[in-house]
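**Student:** got a predicted model here, sequence first, then my questions.
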Amino acid sequence: MNENNEMLAIILAGGQGSRLGKLTKSTAKPAIPFGGRYRIIDFTLSNCANSGINTVGVITQYQPLELNAHIGNGSSWGLDDQMGGVTVLQPFSSTEGEKFFEGTAHAIYQNIEYIDQQNPKYLLVLSGDHIYKMDYEAMLDYHKAKKASLTVGVIPVSPEEAKRFGMMNTDETDRIIEFEEKPEHPKSNKASMGIYIFNWATLRNYLVNSFSTNNELEDFGKNVIPMYLANNESAYAYSFDGYWRDVGTIQSLWQANMEFLSPYNSLNIGDHNWRINSKAQVLPPMYLTSTSNINNSMIVDSCYVAGEVDHSILSQRVSIGAGSKVVDSMIMPGATIGKNAVVDHALVGEEAVIGDDAVVKGTEDDIAVVGYGEVLGVKKS
Amino acid sequence: MNENNEMLAIILAGGQGSRLGKLTKSTAKPAIPFGGRYRIIDFTLSNCANSGINTVGVITQYQPLELNAHIGNGSSWGLDDQMGGVTVLQPFSSTEGEKFFEGTAHAIYQNIEYIDQQNPKYLLVLSGDHIYKMDYEAMLDYHKAKKASLTVGVIPVSPEEAKRFGMMNTDETDRIIEFEEKPEHPKSNKASMGIYIFNWATLRNYLVNSFSTNNELEDFGKNVIPMYLANNESAYAYSFDGYWRDVGTIQSLWQANMEFLSPYNSLNIGDHNWRINSKAQVLPPMYLTSTSNINNSMIVDSCYVAGEVDHSILSQRVSIGAGSKVVDSMIMPGATIGKNAVVDHALVGEEAVIGDDAVVKGTEDDIAVVGYGEVLGVKKS
Amino acid sequence: MKHNSVSAIINLVEPWEQLEPLTTNRPVGTLPFGGRYRLIDFPLSSVTNAGIQNAMIISPRSGRSVADHLRSGNDWNLDTIRGGLFNFPYNDLSLIAPQKKETLVHHYYDNTILFLKRSNSEYTVIMGTRNICNIDLRALLRYHQERDNPVTTVYKSIDAKDSDPDTTVLQLTDNGMATAILPAASKNVVPNDNGKFAKSLNIYMMSTVDLIDILKEANERGDLISLENLMLQAVMQHSANAFEYTGYYANIHDIESYYDSSMSILEEDNFRSLFYSQRRIYTKVKNEIPTFFAKSSHVKGSLCGTGGYIEGKIDHSVIFRNVFINRKSQIKDSVIMQGTRIGAGTKVENAIIDKNVVIGPNLQLKGTPENPLVIGKGKRIFQQTEVSNE
Amino acid sequence: MKHNSVSAIINLVEPWEQLEPLTTNRPVGTLPFGGRYRLIDFPLSSVTNAGIQNAMIISPRSGRSVADHLRSGNDWNLDTIRGGLFNFPYNDLSLIAPQKKETLVHHYYDNTILFLKRSNSEYTVIMGTRNICNIDLRALLRYHQERDNPVTTVYKSIDAKDSDPDTTVLQLTDNGMATAILPAASKNVVPNDNGKFAKSLNIYMMSTVDLIDILKEANERGDLISLENLMLQAVMQHSANAFEYTGYYANIHDIESYYDSSMSILEEDNFRSLFYSQRRIYTKVKNEIPTFFAKSSHVKGSLCGTGGYIEGKIDHSVIFRNVFINRKSQIKDSVIMQGTRIGAGTKVENAIIDKNVVIGPNLQLKGTPENPLVIGKGKRIFQQTEVSNE
């Protein structure tokens, strides 16, 4: 019974995700399948719903067809609320010209009209490409308690990892006093998760002023946070210490899938008190033939397994022929693997076809990738 | 029980509608209110649903927020079918670059990926800005019977009107032998309604070839139809003789609203066998005070009338103060008119405010327009 | 979880005999009211406006009119994956065969317990439909959480002289606790110094665990009494916090009170208080065309639904959706429900005309404010001799 | 209108006694089948796949398990504004009190008539749920339209030796018309030259106007017989076109036939024919996590739902959603329904274990193919002595 629409969430789902190579050639990163029956954005959308946030804008621009079809009217997450719900925000034109989105903060600026319509007090800015479970309402409570103008979600990282992140240096009250992008010599262990709560009126002011004066605040990390600190806005770091993974590279996407396989994964996917929902399709049950051999693996509806599956994830409608062996791999929906093939340390894209006797072999440091719809060899039956 | 997805409908709703002036400054033309509780696109969407077309793509680009919110998941028209439904198609980016839409045919070309996913046999191309009731299934039957490659919906017009239309000159079998854009001396009375049925595979070929050779087929009227005729494709005209209005100008929009007021309008809005649906909002009933005086007018939910309303249409949430007089006008949702004001021969935009004693007076040939949210004078109470 | 912290039970098993013929084929809860609503819309909208996601409807008889109106619950935002609307028909004990009753002993509250357990809610609010109000259930919850008694109940302060002998009122202690809910005629309740009674609105808030216990105990005892009576017992047993509701209020218990309440909505203050507060009233969405007012029409001080066609004169009346008022007819101080047609030259005064009635031309239908004429659903009247109160 | 040209009635009032204990608390129509479905999903999916928008469900008893499964009908595409799913509970005459029966005389088919009138459909198809098939209702409609008889009924050609005495079969004329539907034991039906019977699938297509007439006449006569029996009478009276269905088929009428049908789905041809035809089978959508197969698991020739956790050995079995199979347990030739947990080291063979059962460790649960062991819903079994067929 929390009040409606106090906080609006905006999920930035427009990036090309070019570090995912072949996998994002024809689809947006947040729509990439994960863990057998999810897509990456499901985690953020479910977090919103579970945090009691009813109104969510998803900003998208790159190859949005699959993502839009996945999100639909938001009903899969209970976000088809009459007083809110999910709105997909794509580029558009106006009397001022065409509105494409040049950066994270610019995307917010271009969609100011939508945000004003919702008239939120707080704006929660999220990425659509992280795997985690987080209660944004607790973060909002913190933001209110600190009387902050901006709260940044941070996660502890090792000095080694810190070199890849934007680092928040704080005083003893957790107020952010300095922001360093990918520092060589990190002064703290607080890495930005790319999760922000803003007082909307304040952020709106900064954005409108900056874009009307050509002093453009294109990006939150590069421009907005430094501007906030320069202007002495009260910015605080909110520490999160649960499971959190950025899955922006082939390597990290594979790694997170393999971690997902462990029954002891701290993500705790089976927790009924914080469900991760996805667009559910009705498909027949999985069919495991008398030649199948499955170990340490996750399998979902409508899979057909006649071969061997070891420490791997099979998504919906995946088919593994007799004599084939799938090891340490994640197979995305609709991919079919013929007979006597080998798939090892690989990510196999949706609807890919791996023919009979084909071999797809990566290593722990160099994961093999088969693109969406890619065809390797010939599948005879 | 017609087969699913044989024909896909694409509604072109991306135009700016600049001839509607103030009214389309911040909204797309198809989202303009009509007839008290409709928006223009409701007629086309309802025609699709009533014709048994389950899958509809709405291509939009200019100020789409209100239009998108109106369309939602299509459930208002029963178009929330699990096997189809409405998809709103907006500009996006891909590895090939940013995809804005330069013309009607170009918009189809840019959305080829979506259309291919639906895999239709026939493509029905529609405009989102006409007021009419038409059974597209009957037109498809005609298209099949003629074994046509293209069928164009045409309506009889006078030689005078023909100068404003694209005219189809046909032989005695209704095969189109010539197309003339706005001819000075029309040879036929068959004006194109901007409604096309294409065999998708053929059109797809033309589009892909032309855009890959820089011989660009940007527009259906200007480029595609001439190309079809030049190549001797079998193109037929399908005659429609019901009520049909293009409401692309202030004058024609006002005129169509006034025609809508007549109980003898051949559009027959009350016909239960061809319902025009719209996104329904739950609002309290209209409240007519003891000082109200209403004649020859249409009024809907949540209106408050204390003044005089004569031969006018009031949309939802319109309020007319005591002593005011509204004549020969169409008032859009949420507009409020103060006390002792006069509104005569006018279109009043959504959420406009007309103050006490204000006078908005147009003539039959020069309709007055009050823009969305425009404030005229001061409303004291 | 967060969204499920309160669930709601709306109880449609309510006294209906005095509202006949309006309630011959529908429970009190689906009685049309206010031009486009039904009584159940008011508690259900309170539920929606409080963000409650889980609601159970207890219906008497087959509940077909209830199911028709509510469908999936979508119009009240009650069909998301986070909860839903559950309709449980056939709970009216007076309609159950004696041998069937035997099988119910120890199981009468099973469905309710199942619903409450599945709801995972912390609190439950129980409401009837015959008291029309627009209550803020979030405020009620806060009031309940801040106080000690296991149950919170709600009252409206009314003039004692406006009460009937069987109006149910709270027996309040000096520190504002309710110790019982009794008929106004009981010698155990007296008006306060201002001559006011605390009229019970038949709304109860309590922890879901406590409610499950109450129902389980009733099952164990083999009770076959209505949920409403169980709540009265709970108030007697534990005392209750008493929350005062101060907005628009009407109680519908007989034809006259239904008529008076309908007329009271025509006062602009009441209309605005009920329909234009921050808390909207939801109902089943219908796609209707605009109402057309012909040149000859003459409408004053009235409410009108959409889809109508008005040629005649309407004064101080509530006109529902899709009503057809022919030339030279006159409607005054009346309620005309959905789909009804009034013939040319006919005069209607102090009348309640139910849905889909056809009244022929040049007839006189007159009641009095104290005894309004009621025409039952679907009637066809073409002769003056057919006009009679039912 | 176009979308409403056919409406559907799915009749869940079917013989259930021989399926006890599986049907103790549910109608035959909600019996789980095939790893994630219920029997009603098959006719309802045929309805969906034919683009039918209006469906009525006739439920025995309270229909709670039916309402729980169907909700708004959204999962079968039956909740658009063009139609909907209407659930009418309490139609089983054997459960209605005698004095209530009296009030039903002349009104028993009122709800059905109301549904049919509102549907505005040209044709109506009536189906039961105990015959599993995946039929193309569009083809059935075309067949019906091309022929003269007012009713079309559907059969599957089966070997006469596979029939029970009470299997209902069509009495076919030489030109392929059905003149009656009778038990196989009747001397009026004989197998054809190939030793085949035309087994009735209990599906009827006719014009909606004709069906309304049949129901009205039954009301006038004061009949209180099931819709199914009315259809049998209609076939007798008018003869029927007989449409042959040739796809996967199973008839569920007792425990053994339920068990045999479940096992038959494990044959890959049957599985593909039922689930991977052009016509998909829809069911209630659930968000479940993937099923985890531990290192120690060993699964062969089986169907599995999602949300499971498998450590033991599974051979030739149907495992529903959310099933937990502990280490060193062995499941063979069995059906394990949703939410059931099997303890470590326990052996299950030729058994049907209903929903949410807990079986302790190191037990033996064995039936035979002819007489499978059945464990009822929600049972808890921790001692070998508690294992017994019900």
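**Tutor:** Perfect, I can see it now.

**Student:** can you report how many residues lie near residue 231?
**Tutor:** You didn't say which chain, so I picked chain A. A:N231 is flanked by 11 other residues according to other Cβ atoms under 10 Å in any protein chain shown. Where you see a C-beta, it was placed from the backbone N, CA and C, and this is true even at glycine.

**Student:** nope, chain C
**Tutor:** C:M231, neighbours per other Cβ under 10 Å, totals 24.

**Student:** confidence score at it?
**Tutor:** If you check C:M231, the pLDDT there is 94.

**Student:** check the gap between it and chain B for me.
**Tutor:** Taking Cβ to the nearest Cβ, to the nearest Å as the measure, C:M231 falls 30 Å from chain B.

**Student:** my read is that that residue contacts C:V125, right?
**Tutor:** No. The criterion here is Cβ atoms under 8 Å, and C:M231 misses it with C:V125 at 11.2 Å.

**Student:** counting contacts, what elements does whichever strand or helix holds C:N219 pack onto?
**Tutor:** Secondary structure assigned from DSSP states H and E places C:N219 in helix C:208-221. Judged by 3 or more Cβ pairs under 8 Å, 6 or more residues apart in numbering or on different chains; DSSP states H and E, helix C:208-221 is in contact with helix C:110-119, strand C:123-127, helix C:227-238.

**Student:** mean neighbour count, those: which tops it?
**Tutor:** Highest mean neighbour count among the helices and strands packed on helix C:208-221 (mean count of other Cβ atoms under 10 Å in any protein chain shown): strand C:123-127, with a mean of 25.

**Student:** so the helix or strand that it is followed by, near chain B or not?
**Tutor:** Later in the chain than strand C:123-127, the nearest helix or strand by DSSP H and E is strand C:131-132. No. Strand C:131-132 does not reach chain B (Cβ under 8 Å from any Cβ of the partner chain); its nearest approach is 13.8 Å.

**Student:** helices or strands up against strand C:131-132?
**Tutor:** Against strand C:131-132 (3+ Cβ pairs under 8 Å, 6+ apart) you get strand C:196-207, strand C:250-251.

**Student:** need the contact partners of the shortest one.
**Tutor:** Read it as strand C:250-251. With contacts defined as Cβ atoms under 8 Å, 6 or more residues apart in numbering or on different chains, strand C:250-251 is touched by C:R130, C:N131, C:I132, C:C133, C:T167, C:K199, C:S257, C:D260, C:S261, C:S264.

**Student:** quick check on those residues: which are buried?
**Tutor:** The neighbour-count test (16 or more other Cβ atoms under 10 Å in any protein chain shown) applied to the contacts of strand C:250-251 identifies C:R130, C:N131, C:I132, C:C133, C:T167, C:K199, C:S257, C:D260, C:S261, C:S264 as buried.

**Student:** lowest-confidence entry in these?
**Tutor:** The minimum pLDDT among the buried ones among the contacts of strand C:250-251 falls on C:T167, with 87.

**Student:** my guess is that residue contacts C:S186. True?
**Tutor:** No. In this structure C:T167 lies outside contact range of C:S186 using Cβ under 8 Å: 10.5 Å.

**Student:** buried ones in the helix holding C:N219, by neighbour count?
**Tutor:** Result for helix C:208-221 [16+ other Cβ under 10 Å]: buried residues C:T208, C:L211, C:I212, C:I214, C:L215, C:A218, C:N219.

**Student:** how much space separates A:N257 from chain C?
**Tutor:** For A:N257, the distance to chain C - Cβ to the nearest Cβ - is 26 Å.

**Student:** I meant A:F260, not that one.
**Tutor:** Distance of A:F260 to chain C, computed by Cβ to the nearest Cβ: 23 Å.

**Student:** which residues does the residue nearest to that residue when sequence neighbours are not counted contact?
**Tutor:** Residue nearest to A:F260 in three dimensions, not counting chain neighbours: A:G35, with 4.5 Å by Cβ to Cβ, 6 or more residues apart in numbering or on different chains. Going by Cβ under 8 Å, 6+ apart, A:G35 touches A:N257, A:F260, A:I269, A:M298, A:I313, D:P290.

**Student:** in what helix or strand does the residue of chain C positioned farthest from its centre lie?
**Tutor:** Going by Cα atoms, centre = their mean, the residue of chain C most distant from its centre is C:K295, 36.9 Å out. Using DSSP H and E, no element contains C:K295; it sits outside every helix and strand.

**Student:** need the three-state assignment for C:F271.
**Tutor:** helix (DSSP: H, G, I helix; E, B strand; the rest coil).

**Student:** confidence score at it?
**Tutor:** pLDDT, read off for C:F271, is 94.

**Student:** in stretch A:153-160, what counts as buried?
**Tutor:** Of the residues in stretch A:153-160, those buried (16+ other Cβ under 10 Å) are A:G153, A:V154, A:I155, A:V157.

**Student:** return the closest of the residues you listed with respect to D:Y109.
**Tutor:** Comparing the buried residues of stretch A:153-160 against D:Y109 with Cβ to Cβ places A:G153 closest, at 62.5 Å.

**Student:** show me what that closest one is bridged to.
**Tutor:** A:Y238 (DSSP bridges).

**Student:** model confidence for it, exactly?
**Tutor:** 97.

**Student:** swap in the one 3 residues further on?
**Tutor:** Taken from the predicted model, the pLDDT recorded for A:P156 is 95.

**Student:** now it, nearest residue through space, not along the chain?
**Tutor:** A:N189 (4.7 Å).

**Student:** which residues touch the one you found?
**Tutor:** A:P156, A:V157, A:S158, A:P159, A:A162 are the contacts of A:N189 under Cβ under 8 Å, 6+ apart.

**Student:** and the pLDDT for the residue minimising distance to the centre of chain A?
**Tutor:** Nearest to the mean C-alpha position of chain A, counting by Cα atoms, centre = their mean, stands A:D129 at 1.9 Å. We note a pLDDT of 87 for A:D129 in this prediction.

**Student:** kindly report the same for the one 10 residues further on.
**Tutor:** According to the predicted model, the pLDDT of A:M139 comes to 96.

**Student:** then it would be within a helix, right?
**Tutor:** Yes. Under three-state DSSP, A:M139 falls within a helix.

**Student:** point out where the chain drops to low pLDDT.
**Tutor:** If you meant another chain, say so; for now it's chain A. A:1-4, A:82-83, A:379-381 (pLDDT under 70).

**Student:** the intended chain is chain C.
**Tutor:** Looking at chain C by pLDDT under 70, you get C:1-4, C:61-64, C:80-83, C:89-100, C:389-390.

**Student:** so which residues of it form helices?
**Tutor:** Per DSSP state H, chain C carries helices over the ranges C:41-49, C:64-70, C:98-104, C:110-119, C:137-145, C:208-221, C:227-238, C:255-264, C:268-275.

**Student:** want to throw those into a markdown table with distance to A:A9?
**Tutor:** Compiled in a markdown table, these are given as follows (distance: least, Cβ to Cβ, whole Å):
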| stretch | distance to A:A9 |
| --- | --- |
| helix C:41-49 | 22 |
| helix C:64-70 | 30 |
| helix C:98-104 | 48 |
| helix C:110-119 | 26 |
| helix C:137-145 | 22 |
| helix C:208-221 | 29 |
| helix C:227-238 | 39 |
| helix C:255-264 | 43 |
| helix C:268-275 | 31 |
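
**Student:** of those helices, which is nearest B:A341?
**Tutor:** Short answer: helix C:268-275, nearest of the helices of chain C by Cβ to Cβ, at 20.4 Å.
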